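J.: Pasted the sequence and its predicted model underneath.
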Amino acid sequence: MLDMALWISLALFAASVLLTLFRAVIGPSLPDRILALDTMYINSIGLIILFGIWLNSKIYFEAALLIAMLGFISTVAVCKYLLRGDIIE
Amino acid sequence: MIGFYTFMEGVIAFFLIAGGVFAFIGALGMTRLKDFYMRLHGPTKTSTLGVGCVLIASACYFSLVGGGFSVQELLITIFLFITAPVSAHLLAKSALHQKLPHDQRTQGHPEELDEEEENPEPSERAEITPPP
């Protein structure tokens, strides 16, 4: 039962990564693309955790935490650049 | 009478599928909705409910398999729950700053999107006489 649920969840997360990639490619404005990349890193955190459950190892949680921190900082930096024209004033 | 491990396996499977469905709903909303202010609703579902359910399932699984309670999932959950509103707020601020067009059905009229001039002319300000 757990294998089946794991496969279904992996398929749904992969489909959502593809949909956000579609929005990042066709997005008409710049905040749309930033929002799509933001959602994409959150989905990739879910994918990495599912992969860690599948391989039965806890090493991948550090990678997920690293992706969470770097993704948040990059989103804030690009939004700050859009708002102010400069990142560190 | 089902055993404890079978019951916990069912709970973990339920949380996994719920997380996947919520993430897919968020991504679908971000693809299908009309303008940016509606599209901002999608990733909140993905980040809080989708990844939250997957992290609960992962915590249950590794607590059952490894024997001890695992803390890393709680760390990722707290970090995501703190940072998701901040990034959404910054994205909304940048969208208002760029004056993105919005759909007819989008409710709310923030004053940043209004078209009229805010600053009065300097000649009008010069006409005000100072008090004696």
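T.: It's in. Predicted model only: the values in this text are computed from it and were never measured. Numbers count the residues shown, from 1 in each chain, chains lettered A, B, ... in the order given.

J.: CA atoms for contacts and neighbours, from now on please.
T.: Noted.

J.: name the element the residue nearest to the spatial centre of chain B belongs to?
T.: Geometric centre of chain B, nearest residue: B:T44, 2.4 Å, by Cα atoms, centre = their mean. In the assignment (DSSP states H and E), B:T44 maps to helix B:42-44.

J.: any idea how far B:T31 is from the residue nearest the centre of chain A?
T.: By Cα atoms, centre = their mean, chain A has its centre lying nearest to A:Y41, at 1.2 Å. For A:Y41, the distance to B:T31 (Cα to Cα, to the nearest Å) stands at 16 Å.

J.: just to revisit the earlier point, now do the helix or strand following the helix holding B:T44: distance to the chain's middle.
T.: Going down the chain from helix B:42-44, the next helix or strand is helix B:51-66, by DSSP H and E. Taking Cα atoms, centre = their mean, to the nearest Å, one finds helix B:51-66 lying 22 Å from the centre of the chain it belongs to.

J.: If we go by neighbour counts, what in helix B:51-66 is buried?
T.: B:51-62 (16 or more other Cα atoms under 10 Å in any protein chain shown).

J.: ok so, going back, ok, the residue nearest to the centre of chain A - contacts?
T.: Contacts were defined as Cα atoms under 8 Å, 6 or more residues apart in numbering or on different chains; by that measure A:Y41 touches A:67-68, A:71.

J.: picking that back up, tell me the contacts of the residue nearest to the centre of chain B?
T.: Counted by Cα under 8 Å, 6+ apart, B:T44 has contacts B:26, B:84.

J.: likewise B:F24?
T.: A:12-13, A:15-16, B:46.

J.: before we move on, what about A:T20?
T.: If you count contacts by Cα under 8 Å, 6+ apart, A:T20 has them with A:36-37, A:39-40, B:27, B:30-31.

J.: before we move on, which element is it in?
T.: helix A:2-26.

J.: can you check B:M38 too?
T.: Per DSSP H and E, the secondary structure element for B:M38 is helix B:36-39.

J.: rewinding a little: mind listing what's buried along the next helix or strand after the helix holding A:T20?
T.: Following helix A:2-26 in sequence order, the next helix or strand is helix A:30-55 (DSSP H and E). By neighbour count with 16+ other Cα under 10 Å, helix A:30-55 contains the buried residues A:30-50, A:52-53.

J.: ok, now stretch B:74-91?
T.: Buried residues in stretch B:74-91, counted by 16+ other Cα under 10 Å: B:76-77, B:80-81, B:83-84, B:87-88, B:90-91.

J.: Do that stretch and chain A come into contact?
T.: Yes. Stretch B:74-91 reaches chain A (Cα under 8 Å from any Cα of the partner chain) through B:75-76, B:79-80, B:83, B:87, B:90-91.

J.: Could I get the pLDDT score of the nearest residue to A:G27 once chain neighbours are set aside?
T.: Leaving aside its sequence neighbours, A:G27 sits nearest to A:R33 (Cα to Cα, 6 or more residues apart in numbering or on different chains; 5.7 Å). The score at A:R33 is 90. That number is its pLDDT.

J.: now A:I88
T.: pLDDT, read off for A:I88, is 74.
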